[in-house]
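K.L.:
Compute the structure for the input listed below.
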Amino acid sequence: MNGGFTHITVLLEEAVEALAVRADGCYLDGTFGRGGHSRRVLEHLGPDGRLLGFDKDPQAIATGQTLAAEDGRFVIVQRSFAELGEEVAARGLQGQVSGVLLDLGVSSPQLDDPERGFSFMNDGPLDMRMNPGQGISAAEFVATASAEELARVFKEYGEERFARRMANAVVERRQVQPFERTADLAEVLKAANPAWEKGKHPATRAFQGLRIHVNNELGDLEAGLEAALDALEVGGRLVVISFHSLEDRIVKLFMRKLVKGEADNMPRNLPIQAKIFEPRVRLVGKAQFASEAETRANPRSRSAVMRVAEKLR
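P.N.:
Below you'll find the model as predicted:
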């Protein structure tokens, strides 16, 4: 069902090891993708273990349904991991989950399939939605957003320093002809970008910004982290793999805040119970990166950062 596009799972062994899988545990794979992590978790589970997979992408869901038909311990749901709290509550698993894995970003089949519109390397329809049946496409957003809004998305989510200049070029060109194809948009962005990093296409950052906006990736991440913490049992592990600095910053700050306890957020003069100072999680090891061998075999793993926390209360 993935149209021949392969996906190499990043930090496969490291992530599954970090989950510390128990044979009878209940685990959540918040980003099923093509099931690399899920299959490895299932290998560690006994007959009473359970694994619940989430994904927005219809092709990922098709792969997940095949796996679910082969292995009764696995269930796949077509939802964002931001909604895992509702799903966990509906299944009566709140506070009983042994581990949650979030492998963020876009899978290789999504990037490599021009029909999905994630990449400018191969021309395709300008879509970029993880679930093409939901929300507005990148083409619709680019057609209707103001120059200010486009510049904000390029700058905030793409970290593009020529955001305003590129946004103005997009607005000017769309008055003549709307953008429908990735290559067309990439050409206009390239022409408006006076300087870019060596070895990087000049449209890279703007495309990243659009993708993050269209899929509400950072909002989903913040909601998903909170929901994952609530779903975990005491001693349960949260394992998150990020692929760019914006995601990693959110994960790092979220975990750091929980290590400090909740007193940081309280007004100064309130009488505070000692429990508020107690950390809610402990960090397991330091941030982990892909090995040299892995980055050689899979260049996309170069930017991967894995952080792990264990729930204490």
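K.L.:
got the residue ranges for the helices in the stretch 51-200 of the chain?
P.N.:
Counting by DSSP state H, counting those that start in this stretch, the segments of the stretch 51-200 of the chain that form helices are 58-70, 84-90, 108-112, 138-144, 147-156, 163-174, 182-192.
K.L.:
which residue is nearest the middle of this protein?
P.N.:
Nearest to the mean C-alpha position of the chain, counting by CA atoms, centre = their mean, stands Leu104 at 2.5 Å.
K.L.:
Do me a favour and get the end-to-end distance for stretch 35-50?
P.N.:
Between the opening and closing residues of stretch 35-50 we find a distance of 15 Å, counting by CA to CA, to the nearest Å.
K.L.:
What residues of it count as buried?
P.N.:
By neighbour count on 16 or more other CB atoms under 10 Å, the buried set for stretch 35-50 is 35-42, 44-45, 49-50. Every C-beta, even on glycine, is put in place using the N, C-alpha and C of the backbone.
K.L.:
What is the nearest of the residues you listed to Lys200?
P.N.:
For Lys200, the nearest member of the buried residues of stretch 35-50 is Gly36. The distance, counting by CB to CB, is 26.7 Å.
K.L.:
Would you agree that closest one is in contact with Thr9?
P.N.:
Yes - with contacts counted by CB atoms under 8 Å, Gly36 reaches Thr9, the gap being 2.8 Å.
K.L.:
who does the lengthiest strand in the chain touch, helix- and strand-wise?
P.N.:
Determined from DSSP state E, the single longest strand within the chain is strand 232-242. With contacts defined as 3 or more CB pairs under 8 Å, 6 or more residues apart in numbering; DSSP states H and E, the secondary structure elements packing on strand 232-242 are helix 12-19, strand 97-103, helix 217-231, helix 245-259, strand 305-311.
K.L.:
Spell out which residues sit in contact with the residue nearest to the centre of the chain, please.
P.N.:
31, 217, 221, 240-243, 247 (CB atoms under 8 Å, 6 or more residues apart in numbering).
K.L.:
now swap in Thr31 and tell me
P.N.:
Taking CB under 8 Å, 6+ apart as the contact definition, Thr31 lies against 54-55, 81, 101-104.
K.L.:
ok, of the residues you listed, which come out buried?
P.N.:
Judged by 16+ other CB under 10 Å, buried ones among those: 54-55, 81, 101-104.
K.L.:
export those residues to TSV and tack on pLDDT and distance to Phe179?
P.N.:
What follows is the buried ones among the contacts of Thr31, written out as TSV (pLDDT from 0 to 100; distance: CB to CB, whole Å):
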residue	pLDDT	distance to Phe179
Phe54	97	31
Asp55	94	28
Phe81	95	30
Leu101	97	36
Leu102	96	31
Asp103	93	30
Leu104	92	27
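K.L.:
now, among the residues you listed, which is nearest to Ala90?
P.N.:
Phe54 (13.0 Å).
K.L.:
Please name the bridge partners of the closest one.
P.N.:
Beta bridges link Phe54 to Val77 when assigned by DSSP bridges.
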